[in-house]
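Asks: curious how this folds, go ahead:
(chains A and B, ligands or ions: 2)
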Amino acid sequence: MAIEIPKLPEHMHSGATRFIGRDVKRVEDPALVSGTVEFIDNLDIPGMLHCAILRSPHPHARVLKVDTSAAEALEGVAAVLTGEDARRWSNPAYTAPEGWGAYCVAVDKVRFVGEPVAAVAAENRYIAEDALELIRVEYELLPPLATPQAAMAPGAPVLFEAHDSNVVQSRVYNWGEVDRLFAEADHVVSNSFRWNRVGANPTETFGCICQWDLAENSLTVHGAYQTPRFWVAARAMALNLPSNKVRIVSHPMGGSFGGKGGPRGTDISALLSRKSEGRPVKYIEDRMEYLIAGFSQSWDRHYEASLAVKADGTVTGFKVRLIDDQGAGTEGWGTISVAKPLAAFTGPYRIEAARYDTVLVATNRAPSGAYRGYGPPPHFLVLESLMDMTARKLAIDPAELRRRNYLRPEQFPYTTPAGNEYDSGNYEAVLDKLLAMADYRGLREEQSRARAAGRLIGIGVASTVEPGVFDWNAYATVGVPGIGVPEGVKLAFDVFGNLTVVVGFTLQGQGQYTVAAQIAADYWGMDFNAVKVTTAATDVTPPHFGPGGSRLGVAIAGAVLGASQKLEDLFCCVVAHVMQTQPDQVELMDGRLRLKQNPAVGMSVAEVAGLMLSRADLLPPGVEPCPEATYVWTAPNRTMPDEEGRCRSYLTAANATHLVMLEIDRETGRTDILKYFIVDDCGTRLNPGNLEGQLQGALAQGVGAALYEEYVYSDDAQPLVTTYVDYLIPTIHEIPMAKKDFVVTPSPFTPLGAKGCGEGAMHTTPAVIHCAVNDALAPLGLEIRETPASPRRLWQLLHQAK
Amino acid sequence: MTTKQRINLHVNGKAYERDVEPRLTLADFLRHELHLGGTHVGCEHGICGVCTVLIDGRSARSCLTLAVQVDGAQVTTVEGLRNRQTGQLHPIQQAFVDAHGLQCGFCTPGFLMTTLELLGENPDPSTEEIKEALGGNLCRCTGYESILASVRLAAERMRAGG
Ligand code: FES
Ligand code: FES
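Replies: Ligands and ions are numbered 1, 2, ... in the order given. As a prediction, this is how the structure comes out:
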């Protein structure tokens, strides 16, 4: 039976919506504020050992000898794991493209500071760390490759012997007649940009408990996993286990933002469990490990880019050359971040043609990983900075320049030059609302007065498109196979008519359990508290992916609605049988299955569920006593990429425009954000409170990336950032409380018209802040094209200029 | 292994006597010896404030405090906030729920304890005073806006006797 998922809340035919779109209190919160949530380090399993990992102090070295005898002899130590064990029992991490992964413990050589060289399982963490000090490792140092330039230099040592160079991939995409448009342009605006490494830094680091059952040859893993099923498949491959013998129980997470853990902690604890006769082994990454080697580092980029522009400010072409420092291999899936910009390459603009020239390089920095946005935030910083440079060159107001280039409402659905389809939007309406809310003209006047008084005040306006609801095809160009990202739920009514929604992922902060409960409660006309959302282990949940790629709000809505509809059909059959009529004569309305012709006659949902479970004699022939249904949602109509990588990949295109006013202190180089405004359009807003939280939270991460955060490496590839004293997460003092408003252009393609929006402001904030910083510097003839625009960098710039 | 030292202390009003290694941190002691897992650990080097507890009424980093240092002290953790019998949330906890003051909730116990100290000393703090008090607590999820609103709401309700 075809399942038709309602495209707008008002199309839900089961009664008035009481929870969708309302600011419902989160079901997650009472336990979280009480401190009773089972984060992974709160779980103890009887007989459990604790793991500590010895990490390489060298960025590049041959491992000649690892002597673990003294560590093994220490009282309280159960097992010590070395590269030899890893070689014997496991495989290098699977990567895309293939062949750029390493064993979980270094075999033969280390390629980055922090790479595991041995690990200990002991009675407690203190003893495990004592034991690390007793392990002797002999290294032969190899030349460190600290930059892509060094790694690509002729004669540079090769990091991965299976390849003959350090270039992971070199690929040029051509979309349309780029050369002609540049030749015909009245202006070409070009520049280079440097985006330095930043990363997720959830307040909770990664943790897991692995238990290898030696009799069954199976592995059970409890831990902080964003995408549990995905991890099951990868562990089975890495650890030579049948995939149905790896079971992950995902625990609530203290944030993730894409960057949690990487594969090594799990594989090391698993092998330690195997080596200690199957005792459970807990590994809790500490913050220094996370910062140095926790796959938290993302986007290490060297850009050269240009716009082709007509005299009236119309931008016709966009060229980008990107050299991307992946670090020591691609086990953290950093390659995806280079592919993802294809989904929104030309942003919100009518740019006709584009070229993307990419070189992905392995170096001796830590392998890079996923972080909120997964690639486009630096890309948009480049595009928006070039837009501002164009505006300055042509003496057009930057907001006006953007307006002239926006896609128009009648152009949707719109296929971009890079091949993705944008579902809907009204960019000009967003801009208008923003400029009015901010009193843009007034701000510009204020700026002129302040400038006249010698103050460095800047204003930025930036617009982006957030690709929402990812599909694997978006990453096919870097070797990721497949189409379809399943998100499944099981709805189960019990004998009293209470409803349990089983999902495949766990809490991470976005409030998705609440969203699932809102939709289910509305569909079934139930009391919100009669719906319980819960998760289960990977071996029993329906296919799922979990949060990622701004998809879960949309995907979970689709899954809950799909399962509800299946179940409604079943309930209609049951009621029809009991009432001696046809199923199409029965409808669900406001929590009752009633006769269409005689609405006063019917049964409550609870009565139907109870009847199914306790009066099998009354069921129609062939109907099982099971008031449950499973539905797995995936984005419809995705296509395989063509030879230029063009495909329908991300299902939705949310849009936002931000406006910031800031001031740079000449004496300290410090930037103060004075005012911040956001107007966004992500279609139907399922839970406005959640959404507001996502926006403001992403704004804070964007401020960090734009002004403070950076993983600094020395010239010989030593990480200089090892604590939060060095990695500057913004505090409450640095973050502006943004004024926000929105426009609603529902997606015509998604459940209830919602668009992916979880990455939110991360796409726009770094760009708009850099635009404003350069606006502030413009009267001095200065410009910064490197992130972060930290106090130190701005101070140097201002003082060199003196 | 080092010799253990005996400590006596109160945690959330309850008396404990334990023998601990001198190097055991208060955070580990609370979490793994007393099984009070609500005090979380985010950095273990004193920056993030996730591990904040009250020691004799003053906020402190439990990751930088050794268990032996709290011998004789009164320690308050997040578990001490809600009503132990009824489970009813403390007004500060309720305000965080009502004003969306959390997302993942991992930093929240630290913010709650810092707020408890603040409102104990200053029932009607200005925005600047709230920011000053919370400046040592990192939150990676919320962007702080809703936390600020939660503290304001808690102050308001507590002044009204809630
Ligand atoms: S864990 Fe104590 S300050 Fe971060
Ligand atoms: S709510 Fe996640 S760190 Fe604050």
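
Asks: check contacts around the residue in chain B positioned nearest to chain A.
Replies: Closest to chain A within chain B is residue B:38: 2.0 Å, counting by C-beta to the nearest C-beta. Every C-beta, even on glycine, is put in place using the N, C-alpha and C of the backbone. Contacts for residue B:38 (C-beta atoms under 8 Å, 6 or more residues apart in numbering or on different chains) come out as A:34-36, B:77-79, B:109.

Asks: of the residues you listed, grab the buried ones for ChimeraX.
Replies: The buried subset of the contacts of residue B:38, as determined by 16 or more other C-beta atoms under 10 Å in any protein chain shown, is captured in ChimeraX by this line:
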select /A:34,35 /B:77,78,79,109
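
Asks: and the contacts of residue B:38, which is closest to ligand 1?
Replies: Ligand 1 has its nearest neighbour among the contacts of residue B:38 in residue B:109, at 11.0 Å by C-beta to the nearest ligand atom.

Asks: for the nearest residue to that closest one once chain neighbours are set aside, what are its contacts?
Replies: Distance criterion C-beta to C-beta, 6 or more residues apart in numbering or on different chains; nearest residue to residue B:109, sequence neighbours excluded, is residue B:78 at 3.8 Å. Residues near residue B:78 by C-beta under 8 Å, 6+ apart: A:33-35, B:38-39, B:108-109, B:112-113.

Asks: repeat the analysis, applying 6 Å as the threshold.
Replies: A:35, B:38, B:109, B:112 (C-beta atoms under 6 Å, 6 or more residues apart in numbering or on different chains).

Asks: okay, domains of chain B per the record?
Replies: Here the domain parsing of chain B from automatic domain parsing is B:5-80, B:91-159.

Asks: state the pLDDT value of the residue of the stretch 101-250 of chain A found nearest ligand 1.
Replies: Per C-beta to the nearest ligand atom, residue A:203 is where the stretch 101-250 of chain A lies closest to ligand 1, at 8.3 Å. At residue A:203, the model reports a pLDDT of 97.

Asks: quick check: the closest residue in space to residue A:35 that isn't next to it in sequence vs residue B:65, distance?
Replies: Excluding the flanking residues, the one nearest residue A:35 by C-beta to C-beta, 6+ apart is residue B:38, at 2.0 Å. According to C-beta to C-beta, to the nearest Å, residue B:38 and residue B:65 sit 16 Å apart.

Asks: ok, now residue A:136?
Replies: As for residue A:136, its distance to residue B:65 is 34 Å (criterion: C-beta to C-beta).

Asks: more neighbours: the two, which one.
Replies: residue B:65 (20 against 12; other C-beta atoms under 10 Å in any protein chain shown).

Asks: run through the residues that contact the residue of chain A found nearest chain B.
Replies: Of all residues in chain A, residue A:35 sits closest to chain B, with a separation of 2.0 Å (C-beta to the nearest C-beta). Contacts here follow C-beta under 6 Å, 6+ apart; on that basis residue A:35 touches B:38, B:78-79, B:109.

Asks: related to what we said a few turns ago, just the contacts of residue B:38: which are in helices?
Replies: A:34, B:109 (DSSP state H).

Asks: show me which residues of chain B are close to ligand 2?
Replies: Within reach of ligand 2 by C-beta under 6 Å from any ligand atom, chain B has these residues: B:102-108, B:139-142.

Asks: ok, so of those residues, who is nearest ligand 1?
Replies: Of the residues of chain B next to ligand 2, the one sitting nearest to ligand 1 (C-beta to the nearest ligand atom) turns out to be residue B:107, at 9.5 Å.

Asks: correct me, but residue A:361 touches residue A:148?
Replies: Yes. Contact criterion C-beta atoms under 6 Å: residue A:361 and residue A:148 qualify, at 3.8 Å.

Asks: what's the overlap in contacts for the two?
Replies: By C-beta under 6 Å, 6+ apart, the residues touching both residue A:361 and residue A:148 are residue A:325.

Asks: coming back round to it: how close does the residue nearest to residue A:35 get to residue A:39?
Replies: Distance of residue B:38 to residue A:39, computed by C-beta to C-beta: 10 Å.

Asks: what ranges does chain B have for its helices?
Replies: For chain B, the helices defined by DSSP H occupy B:26-28, B:91-98, B:108-121, B:127-134, B:145-159.

Asks: which other residues reach the shortest one?
Replies: Under the contact criterion C-beta under 6 Å, 6+ apart, helix B:26-28 has outside partners B:41, B:51, B:62-63, B:65, B:67, B:70.

Asks: give me the mean pLDDT for that helix.
Replies: 98.

Asks: is any part of it close to ligand 1?
Replies: No. For helix B:26-28, no contact with ligand 1 is found by C-beta under 6 Å from any ligand atom; the gap never falls below 6.6 Å.

Asks: ok, the residue in the stretch 501-650 of chain A that ligand 1 sits nearest to - contacts?
Replies: Of all residues in the stretch 501-650 of chain A, the one sitting closest to ligand 1 is residue A:509 (18.1 Å; C-beta to the nearest ligand atom). Going by C-beta under 6 Å, 6+ apart, residue A:509 touches A:255, B:103-104, B:141.
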